[in-house]
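Novice: pasting the sequence and the predicted model now:
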Amino acid sequence: MYADNKVRRNTVRDITKLKGERPVVSLTAYTAPMAAQLDQYVDFLLVGDSLAMVLYGMESTIGVSLDTMIEHTKAVMRGAQKAMVILDMPFGSFEQSKEQAFENASRALRETGCAAVKLEGGAAMAETIQFLVERNVPVMAHIGLRPQAVHVMGGYRTQGKNQEERAQMIEDAFAIQKAGAFSVVLEGVAEPLAAEITEKLDITTIGIGASPDCDGQILVVEDMLGYFPSNAKFVKRYAEVGQVIDQAVKQYADDVKSRIFPAPEHTYHAKK
Ligand SMILES: Nc1nc(=O)c2c([nH]1)NC[C@@H]1CN(c3ccc(C(=O)N[C@@H](CCC(=O)O)C(=O)O)cc3)CN21
Ligand SMILES: CC(C)C(=O)C(=O)O
Ligand SMILES: [Mg+2]
């Protein structure tokens, strides 16, 4: 507002305008330094509840609290200047009622300064989505493979493989759009369903394991950097950061044991 040198942050409008223009680029981020590093390359950053597994070593995303999501979103907002930032509403923070969802989503926007929330669910969450959007909370929905439904699904299973699942997903997609969501994540969706949904919807589809035919793509950044042991087929490992860290730490351990580190240039000296 005051400084001339402040970078303008992407808005929901900037993201939705891209449909039909060029694919939307996005990644997850949980921390300030990672957000700062990704900022120049992405349109938006998602503070995903996947941080439960990636950062905290939990078995699923079920155990992460809204308080934790808010602290990480604050960190990402400090690190990124240009990317729009979206907070992923955690399990239990929005499903009970539309009032509960507004209470928690409005708190997320108020306390972090982020521009939108994401929540898992299709037609079953349409009323909630409409309630939030009417009250000025922009919503990204998330259908297909919904990790918060892991105990109902009995694992992480690709969706849209049979006609019943396909019909349900198309119904979900239209319900979300009608409710006013500006975008929807399609996760773990077998071809060619995401192409059909992307073509039929006016809102922006963001794919993860949902084919190249979506309006944009997202990945968990630690997965594509080779810093989380994911076996999911949709992950392309663009780097092997885990191996880089392993080599560095092994060298450090060897250097300490052999007194090569610290060298004179790492050592303080008293005046002569
Ligand atoms: N680091 C990380 N990356 C993610 O993408 C991610 C998380 N964590 N945590 C929450 C969920 C869990 N996710 C997952 C986890 C595993 C598979 C997986 O192994 N899928 C099988 C499909 C098997 C089937 O279709 O039956 C695969 O082979 O890809 C998929 C999504 C996506 N989300
Ligand atoms: C992978 C994305 C879509 C997500 O929901 C997460 O990181 O939690
Ligand atoms: Mg998530």
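Specialist: Received it, and whenever you're ready, just let me know what you need. For clarity, every value in this text was computed on a predicted model and none was experimentally measured. Numbers count the residues shown, from 1 in each chain. Ligands and ions are numbered 1, 2, ... in the order given.
Novice: any chance you could map the strands in this protein?
Specialist: For the chain, the strands defined by DSSP state E occupy 24-28, 44-47, 84-88, 116-120, 139-144, 183-187, 204-208, 216-219.
Novice: now mean neighbour count, distance to Gly63 and mean pLDDT too, for those strands, in CSV please.
Specialist: Quick note: C-beta positions are derived from backbone N, CA and C, even for glycine. Formatted as CSV, these follow (neighbours: other C-beta atoms under 10 Å; distance: least, C-beta to C-beta, whole Å; pLDDT from 0 to 100):
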stretch, mean neighbour count, distance to Gly63, mean pLDDT
strand 24-28, 23, 18, 99
strand 44-47, 30, 16, 99
strand 84-88, 27, 14, 99
strand 116-120, 24, 15, 99
strand 139-144, 28, 18, 98
strand 183-187, 27, 19, 98
strand 204-208, 26, 21, 98
strand 216-219, 22, 22, 98
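Novice: can I get these in TSV with distance to ligand 2?
Specialist: Listed next are the strands of the chain as TSV, based on distance: least, C-beta to the nearest ligand atom, whole Å:
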stretch	distance to ligand 2
strand 24-28	5
strand 44-47	6
strand 84-88	5
strand 116-120	7
strand 139-144	6
strand 183-187	5
strand 204-208	5
strand 216-219	5
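Novice: for Arg166, which of the ones you listed is the nearest?
Specialist: strand 139-144 (10.7 Å; C-beta to C-beta).
Novice: and the angle for that closest one with strand 84-88?
Specialist: 60 degrees (axes from the mean of the first three to the mean of the last three C-alpha atoms, to 10 degrees).
Novice: against Val85, how distant is the residue of the stretch 101-250 of the chain found nearest ligand 1?
Specialist: Using C-beta to the nearest ligand atom, Thr158 is the residue of the stretch 101-250 of the chain that sits closest to ligand 1, at 3.2 Å. Distance of Thr158 to Val85, computed by C-beta to C-beta, to the nearest Å: 28 Å.
Novice: sorry, back to before: adding distance to Asn104, write the strands of the chain out as TSV.
Specialist: TSV is the format used below for these (distance: least, C-beta to C-beta, whole Å):
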stretch	distance to Asn104
strand 24-28	20
strand 44-47	14
strand 84-88	10
strand 116-120	9
strand 139-144	12
strand 183-187	19
strand 204-208	22
strand 216-219	22
